[in-house]
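# After the sequence you'll find the predicted model.
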Amino acid sequence: MDLSLFHEWLRTRYRPSTVPLYLRHVRGFMDWLQRRGLALEQLTPESLMEYKLTLDQRGVERQRPYLYAIRSLLEYKGLRHIAEQVPIPSEHVVRQPTWLPEPLIHLLIEKMEFFPRLQALAALSYDLALRINEAIPMLRTPGVPNEPWVDLANLRAQVRREKTRRYPLQILPLSPWAAKYIQRYLDERDDDDPHLFVTKSEASRDWRGPPERPVRPLSFKTAEGDWNATMKLFRLPFRFHFLKHSRLTNMALAGRPIAEMQDFVLHTNPTSTLVYIHAASLYRTRPESILEYFKHSWLLPEAEGVLRASLSGRASTSP
């Protein structure tokens, strides 16, 4: 590819010191494309992310000039819709998400059998990648307009993402694995309150149901307190939000396309999804390192067995 015209185009838009830097990075990118038999017009979010991971593997710390150079080339070629997908990393330090592989998530939630409400809340939140504030308002009555709900009969749910209110509510499939825990909790609860998660408390001012069984919608404070107390019992360092991180990282580990992951949680910036792909890539190199989270937990022996079984292919990684 002749870059002389692109060179002139860069000179009209960038400082003199930036032009040769961008040209060098673009030449390297074009060589990478040629080795893979790709043209610029064939670029996808996945191939752009693959190049980003190549920079990671090469140990390139300052990646922004590389990726801005690629974006400039795509804009010059009139491929703005592809240029918008270039995963420009943040200038701030991005922490790796705290997460667990799916077999260990299953183990952790199964061990919550002493507290069916928390077990159901955790299973739902992991399955749909929900924040705690997105899960606790859900209704058990499907079809209510403009409200989040769960439909156990048809294995689906309508959810509202907390930070993306400009989007309509999503209808997502619910796994039988999560539905099992939710149904177990509802069977034990035995009341007609429309809220999926409730608390029974004599201190409540918003009683629902007969006087002998007052209930109210579950609050954030109560739900978070239940989770923190359970993690203290298990001697594990996880906050509730780690369930969402785990779901997305496990999607990346399963090879799901980045566009599918973005649509699932309504990420508008592919860089937000990149951290999960990077976490999955690190896990593939040292899977046993995930057991560091269990080093103070009495669940460590079981976690080691589950992880070994999953790595050897004897355990299923699907809910």
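Sure, I can see it.

# With just CA atoms, put stretch 130-145 into CSV.
Provided in CSV are the C-alpha atoms of stretch 130-145 (Å, rounded to 0.1, in the frame of the first residue of the first chain):
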residue,chain,number,x,y,z
LEU,A,130,-26.4,-7.7,36.7
ARG,A,131,-25.3,-5.2,39.4
ILE,A,132,-27.0,-5.7,42.8
ASN,A,133,-29.2,-2.6,42.2
GLU,A,134,-30.3,-4.1,38.9
ALA,A,135,-31.3,-7.4,40.4
ILE,A,136,-33.2,-6.6,43.6
PRO,A,137,-36.0,-4.5,42.0
MET,A,138,-37.0,-7.4,39.6
LEU,A,139,-40.6,-8.7,39.7
ARG,A,140,-41.7,-12.3,39.6
THR,A,141,-44.7,-11.4,37.4
PRO,A,142,-43.7,-11.4,33.7
GLY,A,143,-45.0,-9.0,31.1
VAL,A,144,-45.2,-5.9,33.3
PRO,A,145,-44.4,-2.9,31.0
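
# So which bits of it are buried?
Neighbour-count burial for stretch 130-145, counted by 16 or more other Cβ atoms under 10 Å, picks out 130, 132, 134, 135, 136, 137, 138, 139, 140. No exception for glycine: its C-beta is placed from N, CA and C like everyone else's.

# repeat for stretch 11-26
18, 19, 21, 22, 23, 25, 26.

# Show me what it is in contact with.
Applying Cβ atoms under 8 Å, 6 or more residues apart in numbering, the contact partners of stretch 11-26 are 3, 6, 7, 10, 65, 66, 68, 69, 70, 72, 73.

# What's the ChimeraX syntax to select whichever of those residues are buried?
Per 16+ other Cβ under 10 Å, the buried members of the contacts of stretch 11-26 correspond to this ChimeraX selection:
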select :3,6,10,66,68,69,70,72,73
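
# Out of the contacts of stretch 11-26, which sit inside helices?
Judged by DSSP state H, the subset of the contacts of stretch 11-26 located in helices is 6, 7, 10, 65, 66, 68, 69, 70, 72, 73.

# Would you format those as JSON lines with distance to residue 297 and pLDDT included?
As requested, these are exported to JSON lines (distance: Cβ to Cβ, whole Å; pLDDT from 0 to 100):
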{"residue": "6", "distance to residue 297": "56", "pLDDT": "91"}
{"residue": "7", "distance to residue 297": "58", "pLDDT": "91"}
{"residue": "10", "distance to residue 297": "55", "pLDDT": "91"}
{"residue": "65", "distance to residue 297": "43", "pLDDT": "91"}
{"residue": "66", "distance to residue 297": "41", "pLDDT": "92"}
{"residue": "68", "distance to residue 297": "44", "pLDDT": "91"}
{"residue": "69", "distance to residue 297": "46", "pLDDT": "93"}
{"residue": "70", "distance to residue 297": "44", "pLDDT": "93"}
{"residue": "72", "distance to residue 297": "49", "pLDDT": "92"}
{"residue": "73", "distance to residue 297": "49", "pLDDT": "93"}
